[in-house]
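Trainee: give me a 3D structure for the following:
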Amino acid sequence: MKFYQASMSLRILQRYWKVFGEKVNILLSFAYVGSDFSNIVTNCRHMVKGLVLDSGAWSVATGVADLSLQNYMAFTKLHGHRFDRYFNFDTDFSDSGFDHNVAHQLIMEREGLSPVPVVHNLFDGEIDYYVQSGRYDYLALGSSQTTNYDDLAYGVHRIKKAKEDMKIHWFGGGRYDWLSRLPITSCDTSSWASLGKFGFIMYWNQHQPGPNKADKIYVSGTVRPVKEDEFLYTTYPWREELDRYIFTVFGLTFHDLCAYEGAFNMQLINTRFYAEMEKRINEERTRRGIALE
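Mentor: As a prediction, the model looks like this:
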């Protein structure tokens, strides 16, 4: 499976490439077309492994962006070939938005475009429609219903039962424990950015029991209580190992995470964490006998 890092910044991508010399899977949103977007797609494309385009529909639905289907179609006609795939302009996120979203899907197809359909209801006939049409080899799950594991598993298995070779993208999915148990082809998350912005780094702690060894560690920022599933950097039980990790791998110290560029440095650490998460998920799926897709 592939793990796409959503809304990647140009600075982080360039720094990651400089430090590791490795490509990253990236999801960009049409809602944020700008200088970073353009540079990643063109000048820095050699730093990117897989590149997919989100329509910005969620930004429209939440009032963050003012986009139209016509804008999106014009863009994908010109630049769609630069992406491995792009998704439908599915702006109705309700459980009953199928008619609205499939209309956009069909309009785009009539214009010669090939967007990936996005499913918003796992329980009605939406999945059946797309599978039985025989026109698609990729479906995306964008429903709020996928925030519950049992519902997500139901949707994935329903698709696979109907068409075993159908590939599945899970929007906003970044959970190791769920992804390591389900034959999902790809997912995306912006956690690399949001966690760093709010003072967190992610660390794979080999001392933790069980397959999922991810520790969420609060470094600095707004004074706040630490939740039960979080650690505080200054009192982290494996502080010495963590210090050694961030210095050896990134050339950073705890001071660098608290300084002016602290958020940037934490986002770099998190980008590495999620890039390696892809490998760890695939290793665990291999161990469990679940298709890597």
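Trainee: alpha carbons only for contacts and neighbour counts from here, please
Mentor: Fine.
Trainee: just the helices in the stretch 151-293 of the chain please.
Mentor: Ranges of helices in the stretch 151-293 of the chain, per DSSP state H, counting those that start in this stretch, are 176-179, 191-197, 239-250, 254-258, 262-288.
Trainee: and the spatially most central residue of the chain, what does it touch?
Mentor: With distances taken as CA atoms, centre = their mean, D188 lies nearest the centre of the chain, 1.2 Å away. D188 is in contact with 3-6, 27, 170-174, counting by CA atoms under 8 Å, 6 or more residues apart in numbering.
Trainee: next, give phi and psi for L141.
Mentor: phi -110, psi 110 (degrees, to the nearest 10).
Trainee: all strands for the stretch 1-150 of the chain, in order.
Mentor: 2-6, 24-29, 48-54, 85-86, 118-119, 138-141 (DSSP state E, counting those that start in this stretch).
Trainee: what's the distance between V119 and Y138?
Mentor: Plainly put, V119 is 11 Å away from Y138 if you go by CA to CA, to the nearest Å.
Trainee: which one's more surrounded, these two?
Mentor: Taking neighbours as other CA atoms under 10 Å, V119 and Y138 compare with V119 leading, 24 against 19.
Trainee: doesn't I127 make contact with that one?
Mentor: Yes: the criterion here is CA atoms under 8 Å, and V119 meets it with I127 at 6.8 Å.
Trainee: circling back to that earlier point, minimum distance to W178: which of the strands of the stretch 1-150 of the chain has it?
Mentor: Distance to W178, taken as CA to CA, is lowest for strand 2-6 among those, at 13.1 Å.
Trainee: what angle separates the closest one from strand 48-54?
Mentor: 60 degrees (axes from the mean of the first three to the mean of the last three CA atoms, to 10 degrees).
Trainee: which parts of stretch 125-138 are buried?
Mentor: 126-127, 130-131, 138 (16 or more other CA atoms under 10 Å).
Trainee: list the buried residues for stretch 8-19?
Mentor: Applying 16+ other CA under 10 Å to stretch 8-19 flags 8-10, 12-13, 16-17 as buried.
Trainee: so who does the closest residue in space to F98 that isn't next to it in sequence touch?
Mentor: Leaving out its chain neighbours, the residue that sits closest to F98 by CA to CA, 6 or more residues apart in numbering is E126, at 6.8 Å. Taking CA under 8 Å, 6+ apart, we find E126 in contact with 98, 119-120.
Trainee: can you check Y154 too?
Mentor: Counting by CA under 8 Å, 6+ apart, Y154 has contacts L122.
Trainee: so how far is N43 from it?
Mentor: Y154 is 41 Å from N43, by CA to CA.
Trainee: one more: G221?
Mentor: 34 Å.
Trainee: higher neighbour count, the two?
Mentor: Higher neighbour count among G221 and N43: G221, with 15 against 9, using other CA under 10 Å.
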